[in-house]
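Student: Okay, here's the prediction I keep looking at, along with the sequence it came from:
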Amino acid sequence: MSSRSRVKKTVADLIDWEAVSLQDDECRAGRGFKLKEKLKDEKFDESRETMVEMMTGRELNVQYLQTSGFTKPILVARRDDLGLKVPHREFSIDGIRSAVGSRRMVDVLDARTQKTKSMCMKDWCKYWDSEPREEILNGISLEFSKTRLDQQVTAPRVVRQIDWIDKAWPRHLKELQEDGSNNLQDMMYPKVQKFVIMSVAHSFMDFHLDFGGTCVWYYVLRGHKIFWLAPPTDKNLLLYEKWVQNQDRPGFFGDLAEGCCKLDIPAGATMLLPAGWIHAAFTAKDSVVFSGSFLHSFGIEKQLKVCFIEETLRILEKYRFPFNTEMLWYVLDRYVTCLTGKSHLDLPEEEKRRMRLEKGENIDPNKEFVNPGLSDEAPRVPSEHVHLTQAELKGLKFIIMYLHTRPLEAMEVPVLIPDPVSLIASVKELVLAHMEDCPEKAVTGKYILRWTEDDDVDEDGKSKKIIPKPSDFSSKQPENPFQRKYLKAMSAKKKQEGTKRGMEAPKRRRARCGFCTGCKEVDCKDCQACRDMPKYGGAGKVKQSCARRKCDRPCLPVAAACTLCGMDGWGARPDHRRQPGEGS
């Protein structure tokens, strides 16, 4: 039968209704509703056309967000022209484990109890491959930035153009983050930009709000997801707050909320969810989803409303958007800097002195710290009046109001902003100067916050050295004594290395015979040495072979020599270029 004549499966065909019914019977007392009925309820399909925007990757750009304010969920059926980069479709769970490490912890949600726990990736892989699965678990949170998987995933272009983490947070702090750990105490920036969600079939995640009111992009690599989406109206947010405060959480929240709709996301589709949308998710078949959270200037009001809800519900700090208040301060400074050219960031004197010694006396330490390597390409101060969108204008007001409501100990002013009062005054002047801005003239297709004039987010970040070495500035600032000493020391080191390159150092370790049972054995992947190997997700510190692969007849080192006659094991002068097992 040809591929054209095949009948395309519907969503109903993908779902194992017997398994869903069995889950409903097991969770009857705890849920108060039947998931099977909600999946088949057609009332959630009625408002989908008015609630969800169907777009192409080319249509989704900054100009559209400036016009619409990004208030509705967006579904892109194909990732063409979206600027999205993901691994191949057959990328396995074991491949994810290999890229992030076997010991990396992933938060998993029990579909029956809606409670979370942590598992290491090694155990998660065993669970994923087990058959039958005793539990229905959903791997909901694995942030993989700064791991080997990081380079294989790139967020949609429009997200990279508006994300505050990329446009407002000092880039030097982000580049200083080298550890892939998600420990809040070790973070140098809000590490929430790249997640992988691994959901088994029939897993259900009840209604929730994303932390800090963040927007989220979802790309379904394989599988099928079904979302229930409720708009963030004042009525719905109040209903949600009361629903969460009730420990029993009776009923299906989608029945209580106004305008709730259901949305199917098949493999290869991308959804962008705006700030504050309350949503639940069901997995029709085993799914791997790449996603990322981001804050932006067109949804500030909803973002801050969610922050107030989190404070009312006393959400723990580890479940909130990291450094949320500090981010607001940096956003205010970036608006003032990009529109007026006046920055309120100021490094401590010790840091300024260190940066001048490292990069030259003529640099501006503040600009170099905020935007290292690209400070010379900073956007010019606009000569003509720049119009702000109404969402941005209201958002700046909401940020100031939010900061004023914070107690003094919770203001969390960054160390780089020594005079926050002056910054607030500058923002108020900025808002007054833009009160009469024209909404139509504000639609320019260019985001206000940017680090360079052209704001080319598609340029390879590795092509520019974000944190340059002192030698990079030697030709520009040769008078710096630190650079002269640095170059002199490095040149002497290179000369020493050059003398050694003519003949490689002799190998003094015993060599494998290559013929015994141990040499022909494969890695067990379970012993301590295997678990430490980088190719299996380890740190690579032990540097030992597998316990199974111990050689029974190791050869003498090629540099070994008798202490009496000076000869090697072959009766000749030691020659480190000889291959192991080679006679004299």
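Tutor: Nice, I can see it. Numbers count the residues shown, from 1 in each chain.
Student: quick one: pLDDT of residue 572?
Tutor: Note on residue 572: pLDDT of 72.
Student: For the chain, which segments count as strands?
Tutor: Taking DSSP state E as the test, the strands found in the chain are 53-55, 74-76, 105-110, 116-120, 137-141, 195-199, 204-208, 215-230, 261-266, 270-273, 278-294.
Student: For residue 248, which of these is the nearest?
Tutor: Taking Cβ to Cβ, strand 204-208 is the member of those nearest to residue 248, at 12.5 Å. Placement of C-beta: from N, CA and C, glycine included.
Student: Summarise which helices and strands that closest one is packed against.
Tutor: Judged by 3 or more Cβ pairs under 8 Å, 6 or more residues apart in numbering; DSSP states H and E, the packing partners of strand 204-208 are strand 137-141, helix 253-256, strand 278-294.
Student: Put together JSON lines for the ones you listed, with mean neighbour count, distance to residue 341 and mean pLDDT on each row.
Tutor: Shown next, in JSON lines, are the helices and strands packed on strand 204-208 (neighbours: other Cβ atoms under 10 Å; distance: least, Cβ to Cβ, whole Å; pLDDT from 0 to 100):
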{"stretch": "strand 137-141", "mean neighbour count": "22", "distance to residue 341": "40", "mean pLDDT": "91"}
{"stretch": "helix 253-256", "mean neighbour count": "18", "distance to residue 341": "48", "mean pLDDT": "94"}
{"stretch": "strand 278-294", "mean neighbour count": "22", "distance to residue 341": "26", "mean pLDDT": "96"}
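Student: Spatially nearest residue to residue 449 (excluding sequence neighbours)?
Tutor: For residue 449, the nearest residue in space outside its immediate sequence neighbours is residue 167; the separation is 4.0 Å by Cβ to Cβ, 6 or more residues apart in numbering.
Student: Could you say which of the strands of the chain is packed most deeply?
Tutor: Most buried of the strands of the chain by mean neighbour count (mean count of other Cβ atoms under 10 Å) is strand 195-199; its value is a mean of 24.
Student: So residue 107 is in contact with residue 116, correct?
Tutor: Yes - contact criterion Cβ atoms under 8 Å: residue 107 and residue 116 qualify, at 5.4 Å.
Student: any shared contact partners between these two?
Tutor: residue 140 (Cβ atoms under 8 Å, 6 or more residues apart in numbering).
Student: In this structure, where is pLDDT below threshold?
Tutor: Along the chain, the parts satisfying pLDDT under 70 run over 1-9, 370-376, 459-509, 558-559, 568-571, 574-584.
Student: Look at the closest residue to residue 412 other than its chain neighbours and say how many residues are nearby.
Tutor: Once flanking residues are discounted, residue 412 sits nearest to residue 325: 4.1 Å by Cβ to Cβ, 6+ apart. Per other Cβ atoms under 10 Å, the neighbour tally for residue 325 reads 17.
Student: Pull the number of nearby residues for the residue nearest to residue 343 when sequence neighbours are not counted.
Tutor: Spatial nearest neighbour of residue 343, excluding adjacent residues (Cβ to Cβ, 6+ apart): residue 337 at 4.4 Å. The number of residues packed near residue 337 is 21, by other Cβ under 10 Å.
Student: Same question for residue 383.
Tutor: So residue 383, with other Cβ under 10 Å, has 6 neighbours.
Student: cool, residue 113 as well?
Tutor: Residue 113, neighbours per other Cβ under 10 Å, totals 11.
Student: do the same with residue 66
Tutor: 24.
Student: same check, this time on residue 132
Tutor: That count, for residue 132 with other Cβ under 10 Å as the rule, works out to 4.
Student: Tell me how far the residue lying closest to residue 379 once chain neighbours are set aside lies from residue 383.
Tutor: Distances taken as Cβ to Cβ, 6+ apart put residue 453 closest to residue 379, at 4.8 Å, once the chain neighbours are dropped. The gap separating residue 453 from residue 383 is 13 Å, by Cβ to Cβ, to the nearest Å.
Student: Fine by me, thanks again.
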